[in-house]
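In: Provide a 3D model corresponding to the input given below.
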Amino acid sequence: MNATKRWYWEDFRAGEVREFGGHVLTREEIVRFAREFDPQPFHLDDEAAKASLFGALAASGWHSCALVMRMMCDAYLLESSSLGSPGLENIRWQKPVLVGDTLRVRMHILESRPMASRPHVGLVRSRWDGLNQRDEVVLTMEGWGMFGRREPGAQAEGSAA
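Out: From the prediction side, this is the model:
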């Protein structure tokens with residue numbers, strides 16, 4: 001067991017909800033991200049953004065996802081036995097993230113089970129809600145994470161032998 005790891009598969013139980021993070025978006029970082037990765041006018045220019053459906057300069061949805069990922073890393077992934085992810089099932093951008101908004105994350109553990117083909121790996125399916133300072137959901141992501149098990153091969157709680 002690696003002593004630097006705090007979180008293992010056994011620490012993620014279905015039904016749990018965790019909240020973490022808090023990042024205030026500035027105009028400068030929204031424009032910087034957009035210039036490099038998503039240079040659409042409503043992410044770059046105030047006048048174009050006012051004329052858009054957003055009505056104001058809005059962060060790229062990809063920028064919001066990247067910020068959620070960073071908050072996940074800071075809250076638990078960097079101290080975990082994470083083995084990566086096979087991918088996301090859903091991403092939904094519910095509301096625009098605007099200059100001055102504070103983005104934070106609410107993680108819902110939807111399912112947790114051992115990986116049948118690799119007894120040292122556990123799978124965790126989660127939904128992450130990005131919330132703004134008004135508690136409005138601005139984005140949702142769902143997907144699986146793979147984590148090392150503290151006790152490889154041990155019978156999972158509630159599973160049949």
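In: check contacts around residue 25.
Out: By Cβ atoms under 8 Å, 6 or more residues apart in numbering, the contact set of residue 25 is 59, 67, 97, 98, 99, 100, 101, 102, 103. Yep, even glycine has a C-beta here, placed from its N, CA and C like the rest.
In: from those, which would you call buried?
Out: Neighbour counting with 16 or more other Cβ atoms under 10 Å marks 59, 67, 97, 98, 99, 101, 103 as buried within these.
In: I'd like the next helix or strand past the longest helix belonging to the chain.
Out: With secondary structure taken from DSSP state H, the chain has its longest helix at helix 61-75. Using DSSP states H and E, the helix or strand that directly follows helix 61-75 along the chain is strand 87-93.
In: just checking, what packs against that following strand?
Out: Secondary structure elements in contact with strand 87-93, counted by 3 or more Cβ pairs under 8 Å, 6 or more residues apart in numbering; DSSP states H and E, are helix 61-75, strand 137-148.
In: Including distance to residue 17, could those go into TSV?
Out: Shown next, in TSV, are these (distance: least, Cβ to Cβ, whole Å):
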stretch	distance to residue 17
helix 61-75	13
strand 137-148	13
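In: So which of those is nearest residue 13?
Out: Residue 13 lies closest to strand 137-148 among those, at 12.3 Å (Cβ to Cβ).
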